[in-house]
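A.B. asks: Okay, sequence plus prediction incoming.
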Amino acid sequence: MSKIIKLRARQILDSRGNPTVEAELISEKACITASVPSGESTGKHEAFELRDNEKAYYGKGVLKAVKNVNTVIAKNCKGMLVEEQAKLDTKLTSLDGTRNKRRLGANAILSVSMASCRAAAQETHTLLAEYVKELYQAKKLTLPCPIFNLIEGGKHAGNKLSMQEYWLMPTGAKNFSEALRIGSEVYHELGSILEKRFGKNALNVGLEGGYAPQYQCAEEPMDAILEAVQNLGYWKKIKLGLDSAATSFWNGKSYLFEEKEITSEQLKQRYIDIAKSYPLLAIEDAFHEEDFLGFSLLQKKLKKLMIIGDDLTVTNVDRIKKALEYKSCNSLLVKINQVGTITETLKACKLARNNKWKLIVSHRSGETSDDFIADLAVGISAGFIKAGAPCRGERLAKYNRLLRLEEWLGKKARYVKI
Ligand code: PGA
Ligand code: ZN
């Protein structure tokens with residue numbers, strides 16, 4: 001056991017060039033840093049991300065959050081034991097005292113919560129993944145199936161696609177490294193296909209490294225991905241998935257889809273048609289963030305699919321309970337900054353897992369090279385990790401960490417069987 005001796009934070013930049021918080025924690029036995037991610041298509045019910053709203057960085061500075069770590073949080077958390085994660089997280093939330101962490105900022109709080117967890121792992125000479133397994137009281141460690149975002153639309157790209165993400169899921173790979181190889185090869189093959197079709201500017205990418213070609217029709221990206229898969233002979237090893245991020249094209253009355261206004265019922269029918277024609281395994285945020293009923297009607301129709309809540313559930317126990325009541329989903333997207341502490345993240349995962357939901361640990365569109373979520377996915381034995389395209393350093397930080405974990409853990413962590 002060792003105490004926190006020094007805690008401080010600084011402002012660094014994320015993959016979008018926007019400020020974010022990095023915490024540095026020095027304990028009696030460890031010295032580590034941790035940095036927090038940030039979303040673009042954020043849910044209304046997420047924990048509060050504190051930004052300065054001043055001239056610097058177009059209002060996006062995080063110096064107030066940094067100051068909160070350096071003053072209130074440091075003063076009150078010094079002397080606490082890094083191994084007591086739950087106690088520290090309770091302290092952090094009570095120092096804040098608000099429902100959504102708006103006083104100190106979830107970005108300030110999360111940086112410290114992550115730092116403490118990482119420091120405790122370092123001190124006990126265990127991998128963070130193994131340490132998380134103990135915290136979560138998981139039965140086993142598992143290498144997750146990566147979810148690659150190959151084509152981007154919505155708020156993440158400058159094209160006309162309504163849906164935000166088109167995924168390749170190498171569910172038939174024999175291990176994580178084969179899954180990564182499939183992802184990378186399909187990504188490059190897809191690049192050649194898009195370049196032939198649209199010219200070089202189709203190789204421009206969105207916020208998560210996926211291509212952003214000038215498609216508009218929802219099915220076209222899936223056709224292009226499947227063409228790449230077919231060329232490489234990976235047909236039997238993959239499935240497709242979608243993140244609609246439907247709140248981003250909901251105007252309060254209808255969905256603005258492919259530049260037309262459509263109803264929830266019409267959107268549902270479109271998903272059903274897609275599921276009939278494509279090897280689809282998952283749909284995330286199929287409807288807007290308050291539409292618990294819409295989700296549940298879809299789930300009734302597409303029983304075999306993973307119906308994933310993201311903006312709907314925001315890694316929040318109360319929202320998950322509501323989704324359970326409505327039978328809105330069967331899978332949870334897990335984003336640590338949606339809730340703001342590691343303990344609350346694990347609680348949300350437990351609730352979902354106890355109700356037989358699948359877990360997908362996820363990055364944000366604004367990322368850093370911090371690879372915490374790779375260990376989190378292994379430690380809680382999540383079936384999946386979503387960390388963007390197999391491209392761009394902040395995305396590869398997670399996938400490459402999983403390659404290392406695969407090697408280091410050997411037989412201790414098998415690749416998930418789907
Ligand atoms: P975000 O997007 O990080 O911009 O919220 C990711 C997602 O919607 O899953
Ligand atoms: Zn999403």
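C.D. replies: Perfect, I can see it now. Ligands and ions are numbered 1, 2, ... in the order given.

A.B. asks: excluding its backbone neighbours, what's nearest whichever residue of the stretch 151-300 of the chain sits closest to ligand 1?
C.D. replies: Scanning the stretch 151-300 of the chain for proximity to ligand 1 using CB to the nearest ligand atom identifies residue 245 as nearest, at 4.8 Å. All C-beta spots, glycine's among them, are computed from the backbone N, C-alpha and C. Excluding the flanking residues, the one nearest residue 245 by CB to CB, 6 or more residues apart in numbering is residue 164, at 3.8 Å.

A.B. asks: Tell me how far that neighbour lies from residue 313.
C.D. replies: 17 Å (CB to CB, to the nearest Å).

A.B. asks: higher neighbour count, those two?
C.D. replies: Under the criterion of other CB atoms under 10 Å, the comparison of residue 164 against residue 313 puts residue 313 first, with 33 against 30.

A.B. asks: give the contact list for that one.
C.D. replies: 319-320, 323, 329, 332-333, 348 (CB atoms under 8 Å, 6 or more residues apart in numbering).

A.B. asks: what about it, which helix or strand?
C.D. replies: Using DSSP states H and E, residue 313 maps to neither a helix nor a strand.

A.B. asks: How about it, nearest residue that isn't a chain neighbour?
C.D. replies: Nearest residue to residue 313, sequence neighbours excluded (CB to CB, 6+ apart): residue 319, at 4.7 Å.

A.B. asks: quick one, what contacts that neighbour?
C.D. replies: 45, 309, 312-313.

A.B. asks: try residue 83
C.D. replies: Per CB under 8 Å, 6+ apart, neighbours of residue 83: 1-2, 120, 123-124.

A.B. asks: Assign it to helix, strand or coil.
C.D. replies: coil (DSSP: H, G, I helix; E, B strand; the rest coil).

A.B. asks: cool, the one 10 residues further on as well?
C.D. replies: Three-state assignment for residue 93 (three-state DSSP): helix.

A.B. asks: what about it, how many residues close to it?
C.D. replies: Counted by other CB under 10 Å, the residues lying close to residue 93 total 21.

A.B. asks: Return the backbone torsion pair for the closest residue to it other than its chain neighbours.
C.D. replies: Nearest residue to residue 93, sequence neighbours excluded (CB to CB, 6+ apart): residue 341, at 6.5 Å. The phi and psi values for residue 341, taken as degrees, to the nearest 10, are phi -140, psi 160.

A.B. asks: Please report how far whichever residue of the stretch 1-150 of the chain sits closest to ligand 2 lies from residue 164.
C.D. replies: For the stretch 1-150 of the chain and ligand 2, the shortest gap (CB to the ion) falls at residue 41, measuring 6.7 Å. Residue 41 sits 6 Å away from residue 164, going by CB to CB.
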